[in-house]
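Trainee: Only the shape, not the letters, is given here:
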């Protein structure tokens, strides 16, 4: 009988082979997800094809536009700034569009026997498949053409494009892995709803920068900022291209090392986040196993008036904080109400009267008060048995809104007074703002009772199908009505200025405040009658969709 020696299988060989085969599997998986998603409906396919055509055209335009900067003096300044903005966009994009790529949710792979290293490399290659990487590659290629002068700079530019692209994609993956628990929760969905606000703010910032460039001597206005940003990775990679073209090889080496260091740091952070995500228990299960803490008997409700007013105000405030679309509307109104006046003041094309813009933005939130309730409005309807109850319900909602709008409109007016150096006109602007706010509350209460419409919660649309005309009538009818109701205070303001009584314009503060309060009270009283009489119709209207 012969005996032989048992030779175990080469685990390292199998592991490396498995790791090498993992990347094409993930690429095919992403392509399969894309293909199956397009098969769901022809409308989705049409949207995807349209988006692809637009991205290709935009990518070609960006590539040609940046390449046209070649030979232009100070062309490196916008290149490094654009590269930095591109990296920031990739880093924050998963926080606002977590459902844009199903492969971002790596918790679906937690039960598979995958090692962190091969998994990270496979996901990195998979991330390069898509419209976003194509657009980024064209942008970075155009930046390389614009800044590479000489053989050394051309070689460094290739490295800069690769490093910058991998850094951008890695930042997106690392942020998604580190915030997966958040992105799949209610707070993550709230962030997605607020994505429109980020886009609106970004457009205002870009518009401001473009206008400042138009008023300055050209691209040289960006040089002070670019001298700093060219040392911040990943923009430092294109700073290295510029340094190589100038013969500053020491600076080139330092800038490249900074870019490579960021890429390695992002890779390590991403891998650690994956390990934690795959092995750590879900915090929701831990909190569910722990004994619940007793809630405090006192809180925000103790600061509000007692009775029905306290209950309705607290409910409305919770809507503002928790309901995604209501929260998005509030935050958008707060941001735009401040950004538009401030940016106009910084451009030198504004007056302190722009401080009324915030009151106008926030006052429109009084419109369609019951649409945010949806089918849950039946509980409110069951508690209204008289016009008095209807008035208290409307008054409570208005008071909850005024808790935010009154101090914020005052803050915007003070900021505008500081920017325009027109402190002597602050009292009249406050009076005008609060009179406008009272008029909008009055008009919003009436339209809420007369023209209610549903706000779908499971859709990005803010109006249910078939109710667009109601929403249009509410705004087109309510806004002119509010302007007409607030016209007396505006007329008084114009008369004081035209008559030369500038010393008495401070009276507009008490007059506007009192008038706004009275007109809001009258509007709430007027709206109480149709609210009490039309409860079934309102419930039917806000329950659609």
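Mentor: Structure's in. What do you need? The model shown is predicted, which means the values in this text are computed figures rather than measured ones.

Trainee: okay, now the domains of the protein?
Mentor: Domain assignment for the chain by automatic domain parsing gives 41-280, 307-542.

Trainee: Out of the ones you listed, which is the most enclosed?
Mentor: Mean neighbours per residue, mean count of other Cβ atoms under 10 Å, is largest over the domains of the chain for domain 307-542, with a mean of 19. (Each C-beta comes from the backbone N, C-alpha and C, glycine too.)

Trainee: And the domains of the chain, which one averages the lowest pLDDT?
Mentor: Among the domains of the chain, domain 41-280 carries the lowest mean pLDDT, at a mean of 78.

Trainee: Okay, helices next: where are they in the stretch 1-150 of the chain?
Mentor: Taking DSSP state H, counting those that start in this stretch, the helices of the stretch 1-150 of the chain run over residues 11-38, 42-67, 76-96, 116-127, 131-147.

Trainee: Out of the ones you listed, which gets nearest to residue 478?
Mentor: Nearest to residue 478 among those is helix 76-96 (31.0 Å), distances taken as Cβ to Cβ.

Trainee: Next, the angle from that closest one to helix 131-147.
Mentor: Helix 76-96 runs at 170 degrees relative to helix 131-147, counting by axes from the mean of the first three to the mean of the last three Cα atoms, to 10 degrees.

Trainee: Output the contacting helices and strands for helix 76-96.
Mentor: helix 131-147, helix 151-178, helix 186-193, helix 195-215, helix 223-229, helix 236-246 (3 or more Cβ pairs under 8 Å, 6 or more residues apart in numbering; DSSP states H and E).

Trainee: go again using 7 Å as the cut-off
Mentor: Other helices and strands packing on helix 76-96, by 3 or more Cβ pairs under 7 Å, 6 or more residues apart in numbering; DSSP states H and E, are helix 131-147, helix 151-178, helix 186-193, helix 223-229, helix 236-246.

Trainee: As CSV, the domains of the chain with distance to residue 24 would be great.
Mentor: Listed next are the domains of the chain as CSV, based on distance: least, Cβ to Cβ, whole Å:
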stretch, distance to residue 24
domain 41-280, 9
domain 307-542, 35
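
Trainee: Tell me which of the helices of the stretch 1-150 of the chain sits nearest to residue 503.
Mentor: The closest of those to residue 503 is helix 76-96. By Cβ to Cβ, the value is 49.4 Å.

Trainee: Nearest to residue 30 among the domains of the chain would be which one?
Mentor: For residue 30, the closest of those is domain 41-280, at 5.1 Å, according to Cβ to Cβ.

Trainee: which secondary structure element contains residue 330?
Mentor: For residue 330, the host element (DSSP states H and E) is helix 324-346.

Trainee: Residue 369 now?
Mentor: Per DSSP H and E, there is no helix or strand for residue 369.

Trainee: Return the residues in contact with it.
Mentor: 397, 448 (Cβ atoms under 7 Å, 6 or more residues apart in numbering).

Trainee: from what I can see residue 441 touches residue 366, true?
Mentor: Yes - if you go by Cβ atoms under 7 Å, residue 441 and residue 366 touch, sitting 5.0 Å apart.

Trainee: what is in contact with these two at once?
Mentor: Common neighbours of residue 441 and residue 366, counting by Cβ under 7 Å, 6+ apart, are residue 398.

Trainee: Out of the domains of the chain, which is closest to residue 23?
Mentor: domain 41-280 (4.4 Å).

Trainee: rewinding a little: right, so of the helices and strands packed on helix 76-96, which gets closest to residue 117?
Mentor: Proximity to residue 117, assessed across the helices and strands packed on helix 76-96 by Cβ to Cβ, is greatest for helix 151-178 (14.3 Å).
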